[in-house]
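Engineer: What shape does this take:
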Amino acid sequence: MVVTCSGFCSIILNIMSFKVKGRVVDILPLQTGSSSRGEWKKLDFVLEVPDDQFPKKICFTLFNDKTEMIKEADKNREVEVSFSLEGREYNGKWYHNVNAFRIDRMEKGAGASDQTVPPPYNEDDYMPVKDGENDDLPF
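Structural biologist: Numbers count the residues shown, from 1 in each chain. This next block holds a predicted model:
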C-alpha cells in the first residue's frame, strides 16, 4: 500500500488476489439496475469450501460482463475461484465485497482445469455509486 498526502490524503492499493477451491452450491438471481454511470448487472453465487470438520460457505459477487462467467449448469461443480476483497465505509459502518474475477472449472480425476478467461478489467466492474441520492442501503 502506498499513501501520499498533499492537502488531502489519497490511498493507492495494490490489488490483492486470492484463490479458493470448492463446490458451487447456489447461484442467486441476476440483479440489474441503473445509476448516473449507466446500467449495471450483479450476480452472486455461493461456494462450499471444505474446512476440517465443518465446510464453510462463501458468497462471491460478479459484476457487469463478468456475470457471464458462471451458468446454472455449474451448480454442484468443483471450481477454483480467483477473487479480491474490497471494503468501504457507509454511515459509520464498514461493508465488504468478495469480488470474483476468474472461475476455473475442475476436471474430474485429471486435475487439469477448463479455464474461463475473464474479460479485461474496466471501471464498470464495480457497482456504481448514486450521486446525490440518499440510499438507505450501503451497497
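Engineer: residues in contact with G87?
Structural biologist: 94-97 (C-beta atoms under 8 Å, 6 or more residues apart in numbering). Glycine gets a C-beta too; all of them are placed from N, C-alpha and C.
Engineer: in the chain, which spans are strands?
Structural biologist: Here the chain has its strands, by DSSP state E, at 2-6, 8-12, 18-27, 31-35, 38-49, 56-63, 78-90, 93-106, 113-116.
Engineer: ok, back up a step: between the contacts of G87, which is closest to V79?
Structural biologist: Using C-beta to C-beta, N97 is the member of the contacts of G87 that sits closest to V79, with 18.9 Å.
Engineer: ok, now how distant is the closest one from P55?
Structural biologist: Per C-beta to C-beta, to the nearest Å, N97 is found 22 Å from P55.
Engineer: circling back to that earlier point, turn the strands of the chain into a markdown table, columns for mean pLDDT and distance to I70.
Structural biologist: What follows is the strands of the chain, written out as a markdown table (pLDDT from 0 to 100; distance: least, C-beta to C-beta, whole Å):
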| stretch | mean pLDDT | distance to I70 |
| --- | --- | --- |
| strand 2-6 | 39 | 34 |
| strand 8-12 | 39 | 31 |
| strand 18-27 | 92 | 6 |
| strand 31-35 | 89 | 14 |
| strand 38-49 | 92 | 6 |
| strand 56-63 | 93 | 7 |
| strand 78-90 | 90 | 8 |
| strand 93-106 | 90 | 6 |
| strand 113-116 | 52 | 8 |
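Engineer: beta partners for E78?
Structural biologist: R23 (DSSP bridges).
Engineer: shouldn't it be in contact with G22?
Structural biologist: Yes: assessed by C-beta atoms under 8 Å, E78 is found in contact with G22 at 7.3 Å.
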